[in-house]
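Asks: prediction below, plus the sequence it came from.
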Amino acid sequence: MHVFGLTGGIASGKSTVSRMLRELGARVLDADVLAREVVEPGTPGLRRIDERFPGVVGPDGRLDRVKLGAHIFANAEERAALNAIVHPEIRALFLQKLQALEAEGVTHAVYDVPLLIETGLHQAMEGVAVVWVPREVQKARLMTRDGLLADQAEARLQAQMALDDKREHATWVIDNSGAPEATRPQVEAVWRAMLAHG
Ligand SMILES: CC(C)(COP(=O)(O)OP(=O)(O)OC[C@H]1O[C@@H](n2cnc3c(N)ncnc32)[C@H](O)[C@@H]1O)[C@@H](O)C(=O)NCCC(=O)NCCS
Ligand SMILES: Nc1ncnc2c1ncn2[C@@H]1O[C@H](COP(=O)(O)OP(=O)(O)OP(=O)(O)O)[C@@H](O)[C@H]1O
């Protein structure tokens with residue numbers, strides 16, 4: 001199995017690029033989706049979060065994502081504590097999903113992970129595509145998409161490695177600062193390059 005990383009920053013356009021890759025026939029695993037699965041009601045992940053962050057599990061037994069987000073994006077130590085709980089669970093689920101793809105006969109897969117480089121996981125990938133936009137564009141798209149104030153958007157940006165630094169680790173840089181029509185041919189070229197492996 002050839003596994004490639006797809007990363008970027010918050011609101012840089014990973015989901016947009018991942019949709020384009022899927023349209024081209026790529027099988028894409030999404031770490032944000034896995035991150036939700038490992039904190040479903042009744043999971044060990046949610047139980048440990050409940051113990052470490054009292055008050056973030058609502059009366060319905062579900063994680064209050066807004067509350068936990070407000071807490072951890074504002075505090076690096078608390079964020080590290082959450083990461084220590086959920087990241088190993090996400091990693092295990094990823095390997096499980098990868099095995100399932102392999103059993104289906106899939107030969108090339110893409111793993112979409114916002115924190116691919118921060119966690120060092122990029123080193124395990126055969127190649128890494130970084131979805132890049134200038135910081136001002138990233139912040140503006142984040143504020144618009146999530147209805148955030150400038151300060152809130154800034155806190156989220158500060159919680160991640162800058163895209164200008166991430167691109168240093170890229171095998172392929174996808175510049176998503178223009179219109180989606182300008183991004184699509186870049187995505188096609190990257191998928192072709194991925195398929196050329198093996
Ligand atoms: C804190 C939580 C509950 C907030 O949930 P919310 O629905 O508001 O955001 P969502 O999960 O959709 O994430 C949005 C974006 O925030 C960024 N982000 C999420 N978690 C983190 C983190 N621990 N550190 C830095 N950035 C993060 C990513 O760019 C992500 O794409 C949630 O993000 C979470 O459980 N985070 C820990 C898991 C994690 O590290 N996920 C990142 C992918 S591995
Ligand atoms: N080329 C583009 N031109 C204009 N707007 C775009 C473009 N690409 C993405 N957007 C918009 O920017 C926002 C962020 O894009 P997207 O959700 O794909 O980012 P993301 O990197 O997946 O974000 P996150 O990691 O936070 O989920 C969305 O509102 C999307 O519609």
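Replies: Structure's in. What do you need? Ligands and ions are numbered 1, 2, ... in the order given.

Asks: got the residues of the protein near ligand 1?
Replies: 10, 31-32, 35, 65, 68-69, 72, 79, 82-83, 86, 90, 113-115, 159-160 (C-beta under 6 Å from any ligand atom). Where C-beta positions appear, they are placed from N, C-alpha and C, glycine not excepted.

Asks: near ligand 2, which residues of the protein show up?
Replies: Within the chain, the positions adjacent to ligand 2 are 8, 10-16, 114, 141, 145, 176, 179-180, 183 by C-beta under 6 Å from any ligand atom.

Asks: how about a cut-off of 8 Å?
Replies: By C-beta under 8 Å from any ligand atom, the residues of the chain that approach ligand 2 are 8-19, 32, 112, 114, 131, 133, 141-142, 144-146, 176-180, 182-183.

Asks: among those residues, which ones are in helices?
Replies: Judged by DSSP state H, the subset of the residues of the chain next to ligand 2 located in helices is 14-19, 32, 141-142, 144-146, 180, 182-183.

Asks: and the longest helix that the chain contains, what's buried?
Replies: Criterion DSSP H: the longest helix present in the chain is helix 76-103. Buried positions in helix 76-103, judged by neighbour count with 16 or more other C-beta atoms under 10 Å: Leu82, Ile85, Val86, His87, Glu89, Ile90, Leu93, Phe94, Lys97, Leu98, Leu101.

Asks: do the same with stretch 21-32
Replies: Leu21, Ala26, Arg27, Val28, Leu29, Asp30, Ala31.

Asks: my guess is the first one contacts Phe4. True?
Replies: In this case it means Leu21. No: Leu21 is beyond contact range of Phe4, at 9.5 Å (criterion: C-beta atoms under 8 Å).
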